[in-house]
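Engineer: sequence-free structure coming up:
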């Protein structure tokens, strides 16, 4: 398939990389090829796009891979992230068995930013969502509000995919907020992820977060019944509670609290469940997070990144303009890069989101030396996707990005403080 030996080797390693089963030696070889050859990174992009291209509707239904509690699969993660799996799942939506009387007409009440249907064309407010569609809110500043025939509403936040099935709305990835009216039908409206199904016959207001290995259900008003992917009842979530279900089937239920104004990422422990991109490495100075090359759907390119888990429902930290953000890091050589914190409003039920960024974060770095990057949110707003709402901002995802280059970035500490906090 490829003329050069390095690309031929990349082609051999790609299926094992895609399934997340590379040995440590293979992983180092794979990363070295990507570091040394720009053509290899373009080849990885091409192979990734081919791998997530959906099958025609006439093909047999796709089957979801069984989740593993030990390690997330590249096939699962990249499929979710790029939307290929979301569109492939559209083949499961039951085109011939759609019953319009279940939901009636679903209309887009409002659209902010870029929202696509089936990743082919943009939609606008007032449009009716056709059966079998998959909606994609592209980027952190995008969102969509859906109005159901019974008066219920579902809002989709940025970087999220929502499929319209015959008897449920399926959140493949990202966050959704729902205000469900009391149900009179025998089969009430259900929202679901690949891991859980949520119903509220008596009506409820709740948020739903779907990540690669964790689903969260947080209820503001009323109560919601949660079942697993097989339809078995799991638990009832009441107002003020959040249930987190892992792909292994284990779950915890806690009270919802406001995110703190001080935060520190504890690298003495394994990375949190649902951590998307990056892995822990033991260095002589202690543990550090290393970036990985992966397909970023927003930039439509293979980039070297670290991406935390999505904490929309719980929130990671509450940020004010004068909060102090500190990152201890090291690079092998200076270069362009970003520190990005994705933020929402204090209300987890609003769909507004945005990002605060430090651009060119590593341009003036000293090679091979541990150093501190410091920033205040008030100085991180001069970006395209800056939040259009005022402080305080709730950070729910952390990203380090060095674009197409691996600068040898290592992150040993990330912390936020305010008013003398830790």
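Structural biologist: Cool, got the structure. Quick caveat, the model's predicted, so the values are computed rather than measured.

Engineer: And the strands in the stretch 151-300 of the chain?
Structural biologist: Under the criterion DSSP state E, counting those that start in this stretch, the stretch 151-300 of the chain contains strands at 153-156, 160-164, 169-180, 190-192, 196-199, 204-210, 214-228, 233-238, 241-246, 251-255, 263-264, 279-283, 286-290, 292-296.

Engineer: Switch these over to a markdown table; also include mean pLDDT.
Structural biologist: Below are those laid out as a markdown table (pLDDT from 0 to 100):
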| stretch | mean pLDDT |
| --- | --- |
| strand 153-156 | 93 |
| strand 160-164 | 90 |
| strand 169-180 | 91 |
| strand 190-192 | 89 |
| strand 196-199 | 92 |
| strand 204-210 | 93 |
| strand 214-228 | 93 |
| strand 233-238 | 95 |
| strand 241-246 | 91 |
| strand 251-255 | 92 |
| strand 263-264 | 95 |
| strand 279-283 | 92 |
| strand 286-290 | 96 |
| strand 292-296 | 87 |
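
Engineer: So for residue 361, which of those sits nearest?
Structural biologist: strand 286-290 (14.8 Å; C-beta to C-beta). C-beta here means a position set from N, CA and C on the backbone, and glycine is covered the same way.

Engineer: Please identify the buried residues of that closest one?
Structural biologist: Buried residues in strand 286-290, counted by 16 or more other C-beta atoms under 10 Å: 287-290.

Engineer: Looking at those residues, which one is closest to residue 314?
Structural biologist: Distances from residue 314 to those, taken by C-beta to C-beta, are shortest for residue 289, at 20.2 Å.

Engineer: what sits against the closest one?
Structural biologist: 267, 271, 278-281, 306, 410-412 (C-beta atoms under 8 Å, 6 or more residues apart in numbering).

Engineer: Put the buried members of those into a PyMOL selection.
Structural biologist: What follows is the PyMOL syntax selecting those of the contacts of residue 289 that are buried according to 16+ other C-beta under 10 Å:
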select buried, resi 267+271+278+306+410+411+412
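
Engineer: So which of the contacts of residue 289 is the closest to residue 211?
Structural biologist: Once C-beta to C-beta is applied, the member of the contacts of residue 289 that ends up nearest residue 211 is residue 271, at 12.8 Å.

Engineer: Please tell me how far that closest one sits from residue 308.
Structural biologist: If you measure residue 271 against residue 308 using C-beta to C-beta, to the nearest Å, the figure is 8 Å.

Engineer: do the same with residue 130
Structural biologist: 35 Å.

Engineer: More neighbours: which of those two?
Structural biologist: residue 308 (24 against 11; other C-beta atoms under 10 Å).

Engineer: Tell me if I'm right that that one and residue 398 touch.
Structural biologist: Yes. Here residue 308 reaches residue 398: they are 4.2 Å apart, a contact under C-beta atoms under 8 Å.

Engineer: Now for these two: what residues contact both?
Structural biologist: residue 316.

Engineer: So residue 136, which state does it fall into?
Structural biologist: strand (DSSP: H, G, I helix; E, B strand; the rest coil).

Engineer: Tally up the residues packed near the residue nearest to it when sequence neighbours are not counted, please.
Structural biologist: Leaving aside its chain neighbours, residue 136 sits nearest to residue 116 (4.7 Å; criterion: C-beta to C-beta, 6 or more residues apart in numbering). Using other C-beta under 10 Å, residue 116 has 19 other residues around it.

Engineer: again, but for residue 300
Structural biologist: With other C-beta under 10 Å as criterion, residue 300 counts 11.

Engineer: before we move on, what about residue 208?
Structural biologist: Residues lying near residue 208 (other C-beta under 10 Å) number 26.

Engineer: repeat for residue 227
Structural biologist: 16.

Engineer: Run through the residues that contact the spatially closest residue to it that is not a sequence neighbour.
Structural biologist: Among residues not flanking residue 227 along the chain, residue 197 sits closest, at 4.7 Å (C-beta to C-beta, 6+ apart). Residue 197 is in contact with 168, 190-191, 226-229, 231, counting by C-beta under 8 Å, 6+ apart.

Engineer: hey, where'd the helices end up in the chain?
Structural biologist: Along the chain, counting by DSSP state H, helices occupy 5-18, 24-36, 38-51, 74-82, 84-88, 100-103.

Engineer: ranking the ones you listed by mean pLDDT, which is last?
Structural biologist: Per-stretch mean pLDDT for the helices of the chain is lowest at helix 84-88 (a mean of 38).

Engineer: sorry, back to before: which strand residues bridge the residue nearest to residue 227?
Structural biologist: residue 192, residue 227 (DSSP bridges).

Engineer: How much space separates it from residue 168?
Structural biologist: Distance from residue 197 to residue 168, by C-beta to C-beta: 7 Å.

Engineer: same thing with residue 158?
Structural biologist: Distance from residue 158 to residue 168, by C-beta to C-beta: 22 Å.

Engineer: So between these two, which is more surrounded?
Structural biologist: Legend: neighbour count by other C-beta under 10 Å for residue 158 and residue 168, higher for residue 158 (28 against 19).
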